[in-house]
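J.: Following is a predicted model, sequence given first.
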Amino acid sequence: MPESNLHCFSDLATLRQRVGAWRRAGERVVLVPTMGALHVGHLALVAEARRIGHRVVASIFVNPTQFGPNEDFSRYPRDLEADLALLGQAGADAAWTPAVETMYPPGFATRIDVAGLTDGLCGPFRPGHFSGVATVVTKLLNQVGPDIALFGEKDFQQLRVIQQAVADLDLAVEIRGVPTVREADGLALSSRNRYLTPEERAVAPRLHAVLADIAAATRGGSPVAGPVADGRAALEAAGFQVQYLAVCDTRTLAQVDRVEAPARVLTAAFLGRTRLIDNVAV
């Protein structure tokens, strides 16, 4: 790993001791939670954390409780050495890399469920996923004790679930979303993009293009049903298997017939074996 000031922690007491010293010194601590397999999108979060805070902690933990039985937990990409090198180059101050046994010790029996926001979109297709996300993120926030935590807007439903959990549980941390980082052709950066074949990668940018078309067509308050139906047809014709494609209220994630308040066009679709998600603000 290149020379850096990155401190690596796998012991919770030692991590808390270091973060506590920073906070006693009056330094603002920013957490960037990740599941590793870092890419430019993650590094953009680290850069934003450096901009708004004094100390940056990035967590790397592939959380088993947010994967379903038929999902890709076992093949999810892992390369801790490369991830730590990238964090060091990006200027993170600490990496928190807990073991599964640290996060979920024997006898662990608590889960956090966020109602409402998880009822639609990815919720029905990934039972238990958002409970796993809310639980692990709450643990990470309690372990690190940051002033601010940053999450990418690519998984907008996840961002809203975490914001709701933090508000409901009176956690003393600010949750901020950071705009999605994209390839030059519009494809949202994701650790799962490496699963795409060259042929699928050539088609994948169509997902963002369709969302942008729907957003443009619905900004004036026009009915959303027609643009959404046309968008679904275009994606299916390009080879996507669409799970959902919807225009939703930004705050509640309820589907809307017309855009009369801030909204998002959101989708999840398979391209081959790879599940892609994306969203565009209206």
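T.: Alright, I've got the coordinates.
J.: contacts and neighbour counts: CA atoms only from here.
T.: Noted.
J.: Tell me the confidence at residue 3?
T.: pLDDT, residue 3: 49.
J.: now do residue 255
T.: 98.
J.: Okay, and the closest residue in space to it that isn't next to it in sequence sits in which element?
T.: Nearest residue to residue 255, sequence neighbours excluded (C-alpha to C-alpha, 6 or more residues apart in numbering): residue 248, at 4.2 Å. Per DSSP states H and E, residue 248 falls inside strand 241-249.
J.: List the buried residues for that strand?
T.: 241-243, 245-249 (16 or more other C-alpha atoms under 10 Å).
J.: and whichever helix or strand comes after it, which strands flank it?
T.: Counting by DSSP H and E, the element after strand 241-249 in chain order, helix or strand, is strand 263-271. With DSSP bridges as the test, strand 263-271 is paired with strand 241-249 (antiparallel), strand 274-281 (antiparallel).
J.: Which one of those lies nearest to residue 181?
T.: Nearest to residue 181, of all the strands paired with strand 263-271, is strand 274-281, at 11.0 Å by C-alpha to C-alpha.
J.: where along the chain do the helices fall?
T.: Taking DSSP state H as the criterion, the chain carries its helices at 12-24, 40-52, 80-90, 100-103, 129-144, 156-168, 198-203, 206-218, 225-237.
J.: how about those helices in CSV, adding distance to residue 116?
T.: Formatted as CSV, the helices of the chain follow (distance: least, C-alpha to C-alpha, whole Å):
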stretch, distance to residue 116
helix 12-24, 33
helix 40-52, 28
helix 80-90, 35
helix 100-103, 26
helix 129-144, 11
helix 156-168, 9
helix 198-203, 33
helix 206-218, 24
helix 225-237, 23
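J.: so which of those gets nearest residue 260?
T.: helix 206-218 (9.8 Å).
J.: Provide the contact partners of the closest one at residue level.
T.: When contacts are defined by C-alpha atoms under 8 Å, 6 or more residues apart in numbering, helix 206-218 is touched by residues 186-188, 224, 227-228, 231, 234-235, 238, 258-259, 264-266, 278-282.
J.: re the thing from before, which two of the buried residues of strand 241-249 have the greatest separation?
T.: Among the buried residues of strand 241-249, 241 and 249 lie farthest apart (C-alpha to C-alpha), at 23.9 Å.
J.: if we can go back for a sec, buried subset of the contacts of helix 206-218 as a PyMOL selection?
T.: Remark: buried members of those, expressed as a PyMOL selection using 16+ other C-alpha under 10 Å:
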select buried, resi 187+188+224+227+228+231+235+258+259+264+265+266+278+279+280+281+282
